[in-house]
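Q: need a 3D model of the sequence below.
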Amino acid sequence: MDNSTTDPPVDGNFLKVAQAGDAVLVQIHGLGNMFLAPALQSFVESEINAGLANFVIDLQYCGGLDSTFMGTFIGLSTMVKNKFGWFCLVNVSEDNRRLLKMLGVMHMVSINDQPFPGPDGATTILNPTADPYVRQKQIHSAHRFLMEADPANKERFGPFIKALEEELADIPTILPPAPRNKGNGEPKST
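A: Prediction:
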């Protein structure tokens, strides 16, 4: 589902993305939270699949970060490094820096304190993800990364992750229909 637009959402939480030199620039506007994290994840994955590997996450307009968003940073940073690219945060406020340090993200994600140029051209706005299942999967994945990043996070998030895994296990898996033979419309036998 495409959640890009030219208009920011009413609540003020959105991503603004653009090309900036040899990198993709992602500006976080409002709160970097569990509603916005799946949009960030999906966008970076699609850019990697398109052959791009360098990402700058600009927190200049970011009023705060929740644990899901910070865990998403860890997962994306690892993914980008595995593609021989780079992933860094810029314009990190002291409050956001404190949050990143508290959960051990500072050891896993690069922070660049140097100014970074703005977008080269047009920007696109990505809105928060509306799908609750996608959001739950993102919350789970992000918190697993946080638990791996810092042993203290196992105590912080362990019970939460266990409860979330139980909740996710209760959601039925919808399987695609079985493939059919082209000739007679009957399912293929194995």
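
Q: in what helix or strand does the residue nearest the centre of the chain lie?
A: Against the mean C-alpha coordinate of the chain, by Cα atoms, centre = their mean, the closest residue is Gln41 at 3.0 Å. Following DSSP states H and E, one finds Gln41 within helix 37-49.

Q: Arg135 now?
A: Arg135 is located in helix 132-149, with elements delineated by DSSP H and E.

Q: list the buried residues of that helix.
A: Residues of helix 132-149 classed as buried by neighbour count (16 or more other Cβ atoms under 10 Å): 134-149. Placement of C-beta: from N, CA and C, glycine included.

Q: next: stretch 158-170.
A: Across stretch 158-170, burial judged by 16+ other Cβ under 10 Å covers 161, 164.

Q: what is the neighbour count of the residue nearest to Ala152 when sequence neighbours are not counted?
A: Spatially, and ignoring its direct neighbours in sequence, Ala152 is nearest to Gly104 (7.3 Å; Cβ to Cβ, 6 or more residues apart in numbering). Using other Cβ atoms under 10 Å, Gly104 is surrounded by 20 other residues.

Q: my guess is Gly104 contacts Asp150. True?
A: Yes: using Cβ atoms under 8 Å, Gly104 is in contact with Asp150, at 2.9 Å.
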